[in-house]
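A.B. asks: Build me a structure from this.
(chains A and B)
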Amino acid sequence: MKSMTSRLAGALAFALISTAAYAQSDDGLVVYNAQHESLAADWIDGFTKATGIKVTVRHGGDTEMGNQIIAEGKASPADVFLTENSPAMVLVDKAGLLAPLDKGTLNEVPAKFRSKDGNWVGIAARTTVFAYDKTKLKEADLPKSLLDLANPKWQGRWGASPSGADFQAIVGALLQLKGPKVTENWLKAMKQNFKEYHGNSTVMKAVNAGQIEGGVIYHYYFYRDQAATGENSKNVALHFFKHKDPGAFVSVSGGGVLASSKHKKEAQAFIKWIAGKGGQAVLRDGSSFEYAIGKGAQANPKLVPMKDLDAPKVVPSELDSKKVTELMTEAGLL
Amino acid sequence: MFDMINFLFADRMSGLAGDWLAPPRRTGRALPFMEMAAVLVSLLAALPVLFVGWMAWTTGWRSSAALIFRPRVGELLVNTGLLVILAVPLAMVVSTALAWLTECTDLPGRRVLSWFCVAPLAVPAFVQSYAWISLCPRFQGLPAAVTISVLSYFPFLYLPVAASLRRLDPALSETAAALGLSPWAVFARVTFPQLRLALCGGALLIALHLLSEFGLYVFVRFDTFTTAIVDQYQSSFAGPAATMLASVLVICCLVVIVLEAAARGDARYSRVGSGVARRPKPACLGKTAIPCLACVCAVIALSLGVPFVTIGRWLAAGGLAIWRLDEIVPTLAQTAILAFAGGVLTTAMAVPMAWLSNRAPSRLQHGLEKLNYVIGSLPGIVVALALVTIAVRVVQPLYQTMATILLAYGLMFLPRALISLRASIAQAPIELEQAASALGRGPAQALFATTIRLAAPGAAAGTAMAALGIVNELTATQMLAPLGTHTLAMRFWSFSGEIDYASAAPYAAIMVAISLPFTGWLHVQSKRMAGE
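C.D. replies: The predicted structure is shown next:
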């Protein structure tokens, strides 16, 4: 009897101890990361190598994590927040949860790529593109503007990933540039016209497989796939809207330090490292294919130079994610 | 994934076999501690439902209505409804046919084949879907969702139907035939009604899985309530829009449960008479044996062949580079710890109720136990949504801790543990407990010295079933995992989300490899239940 009871007790004790050991391990600097896992991993490896500071990451989507930080409030375990797009960062900033960044960090990037209040800074950028099936569409058939995709002639021919923060940032730009009325109508037309996918890679894959003729995504999915096997992009070409069209929107990824952070010094150092030479070099040399935006930093030479994109003037710190989610929920896209 | 499969056996089979041999009502001294513990567990289990109600209340009628009565919810209702209406009957037909062929005929190789009919349970539904989408990318939407659902879940029906067929008394159908009924009429009027309990139970189980599955439908671009809740969660964290969708999902689950209860009816299916039933003589297939064999093999090829071949192909394409052991080993270790700790906790939570249901059944206890089963059948996303919100708003020290995620697992997998434990406590004679008390041990000591020891195999089985569920769990784990946690399912999901199907393959292979022995055990168990 003893052996059985003690075995049961042993199992329970083991479960408790292993659980406790696993839960108690020191997390170091806690990063809430909404950027791509692989890019974040490269940044963190570089930073840890340079400084010896241990980093623990939690992955999620932009708005999910932004709202999560707000829900957590002052008790948030996060020290640093990295986003793919600016709206979620703006959300957290508006809630008053970001600490001001050091001057030196802010000066790493040009003024247009950081928030006006100095609470967060751009760490990378990406441009909106129309990825299309080059075996089906000629240049003349391509939409001149993002707004053209609301036209009934595009019905059933294009795709997007509306639940993703990327697409929601694009809608945010549209909202800022053209106002709520135009945006609302465009979203309603989109609901009729588009095919829904989960994830931008999936949209591109569908274009490549001939299921749709084009999709609204960011540029780097194409370059990444080309650099890897090219399996999901061999029939795909990118169309840049240019001409300051909402579809030429360049989205800024942000980095900020939480006001509630218990490791402020390390957190500040982390953001400075990413916005500075080390982090921007990862963008130039790594496999992320996102644009480097630091002062004097060079983008990956394979990319179309940023100045040729002719992007519209969007103020990143005024992108309104809450309104976007509302409009998209109303249009039945969420 | 195996939620309640034991429930099917313990409950349905005792319904089939136990009516005329009802165990004498046992009365024991109910430990007040046990009753309190059972009430506490039930209260915890009721949290998700209370939460949804509370959120609807605080959101206010007007805002709730605006979030519920909108065209998008209508679309989701149509999608989810069509899925259930198409997939469940199809699964019934497929599994009844397979069960009949492997149990009641002289089909060549039917013993081996019957094992292959259970084995698809080892392939998590989202892995099944991943296999199909990489094999034929164009296979999407409702047809794909229905087909892949049937292929993933039909064993839930196959198991109970095959077990019932094995136990049928051939005298009944022979009498019907002797009275002039054609073979089809015999099946329709004698055999089929006797399968009703098994069919209803299995259908319920499948319907509940359809309502709560997430990954499968994302791959094939099919929106259901569960995928929409995750979308909303990703856009606004735990906002009211997600909770309102969850409230509709909860209602859908309750509707399915009530429908099943109504379809089950209260007819009795037990055999009355002296002696035991003969073993039925297998039907001779004759010339149709080959086509029948081909059909069975086709189902097996689709449900097992496709995932195995696809995973194998990706593993081959990825070569050694995808076996990043520095990632895989810690992931496996973390998954194992979560599964083990979660399994042990789930079983511990099930002890009071399982003990009371055997030793001191009462109306209160019966009601609470039913409640536990109903709550356990709610989708993981609802449980996770409730716990995230409660933790972040009310008990922040528990937020993002092991405690919270383990509690979520406990709530989700309670029925699995409860069933195994209940059955094995029932087999431990109360006299031993009484003898131990008479020899001077305190109630708790006596319990530990006798019943708990004898119930250990059942407890181990329950723990294993819960652990298996945890290994293959995705949505709740993603939402509740403590910092730095990576499970096999999470890694698989993140790689396949970036269309890196090759890197996802090792994780898929490991999940299948872990689950496979369990299906073997399940198969053996179902045979044993049927008295073989």
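A.B. asks: Count the residues that sit near residue 67.
C.D. replies: Using chain A here. Around residue A:67 there are 26 other residues, counting by other Cβ atoms under 10 Å in any protein chain shown. In short, each C-beta sits where N, CA and C put it, glycine included.
A.B. asks: Hmm, no, I was thinking of chain B.
C.D. replies: Residue B:67 has 23 neighbouring residues, counting by other Cβ under 10 Å.
A.B. asks: swap in the one 3 residues further on?
C.D. replies: Neighbourhood size, residue B:70 [other Cβ under 10 Å]: 15.
A.B. asks: Now do the same contact list for it.
C.D. replies: A:329-330, A:332 (Cβ atoms under 8 Å, 6 or more residues apart in numbering or on different chains).
A.B. asks: So which of those residues reach chain B?
C.D. replies: Contacts with chain B within these, counted by Cβ under 8 Å from any Cβ of the partner chain: A:329-330, A:332.
A.B. asks: quick one: which of these is nearest to residue A:194?
C.D. replies: Comparing the ones next to chain B among the contacts of residue B:70 against residue A:194 with Cβ to Cβ places residue A:332 closest, at 11.7 Å.
A.B. asks: In space, what's closest to the closest one - neighbours in sequence excluded?
C.D. replies: residue B:72 (4.1 Å; Cβ to Cβ, 6 or more residues apart in numbering or on different chains).
A.B. asks: Please give the element, helix or strand, for the one you found.
C.D. replies: Take DSSP states H and E as the rule and residue B:72 turns out to sit in helix B:71-104.
A.B. asks: distance of residue B:460 from residue B:331?
C.D. replies: Per Cβ to Cβ, to the nearest Å, residue B:460 is found 25 Å from residue B:331.
A.B. asks: Might you report the residue contacts of residue B:393?
C.D. replies: Counted by Cβ under 8 Å, 6+ apart, residue B:393 has contacts residue A:71.
A.B. asks: what's around residue A:100, how many residues?
C.D. replies: Using other Cβ under 10 Å, residue A:100 is surrounded by 15 other residues.
A.B. asks: Surely it and residue A:115 touch.
C.D. replies: No - between residue A:100 and residue A:115 there is no contact under Cβ atoms under 8 Å: 10.1 Å.
A.B. asks: my read: the residue nearest to residue A:332 touches residue B:225, true?
C.D. replies: No - assessed by Cβ under 8 Å, residue B:72 is found out of contact with residue B:225, at 10.7 Å.
A.B. asks: Compare those two and say which is more crowded by neighbours.
C.D. replies: It is residue B:225, of residue B:72 and residue B:225, that has more neighbours when counted by other Cβ under 10 Å, with 24 against 19.
A.B. asks: I'd assumed residue B:247 was in contact with the more buried one.
C.D. replies: No - look at residue B:225 against residue B:247 with Cβ under 8 Å: they stay out of range, at 10.1 Å.
A.B. asks: so where does the nearest residue to residue B:159 once chain neighbours are set aside fall, helix or strand?
C.D. replies: Excluding the flanking residues, the one nearest residue B:159 by Cβ to Cβ, 6+ apart is residue B:526, at 5.1 Å. Assigned by DSSP H and E, residue B:526 belongs to helix B:501-529.
A.B. asks: again, but for residue A:69
C.D. replies: Going by DSSP H and E, residue A:69 is part of helix A:62-72.
A.B. asks: So which other helices or strands are in contact with that helix?
C.D. replies: Under the contact definition 3 or more Cβ pairs under 8 Å, 6 or more residues apart in numbering or on different chains; DSSP states H and E, helix A:62-72 sits against strand A:29-33, strand A:80-82, helix A:86-94, helix A:165-193, helix A:321-330, helix B:225-236, helix B:380-393.
A.B. asks: what about 7 Å?
C.D. replies: Helix A:62-72 sits against helix A:86-94, helix A:165-193, helix B:225-236, with contacts defined as 3 or more Cβ pairs under 7 Å, 6 or more residues apart in numbering or on different chains; DSSP states H and E.
A.B. asks: JSON lines for those helices, including mean pLDDT?
C.D. replies: Formatted as JSON lines, the helices and strands packed on helix A:62-72 follow (pLDDT from 0 to 100):
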{"stretch": "helix A:86-94", "mean pLDDT": "92"}
{"stretch": "helix A:165-193", "mean pLDDT": "95"}
{"stretch": "helix B:225-236", "mean pLDDT": "84"}
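A.B. asks: Many thanks, have a good one.
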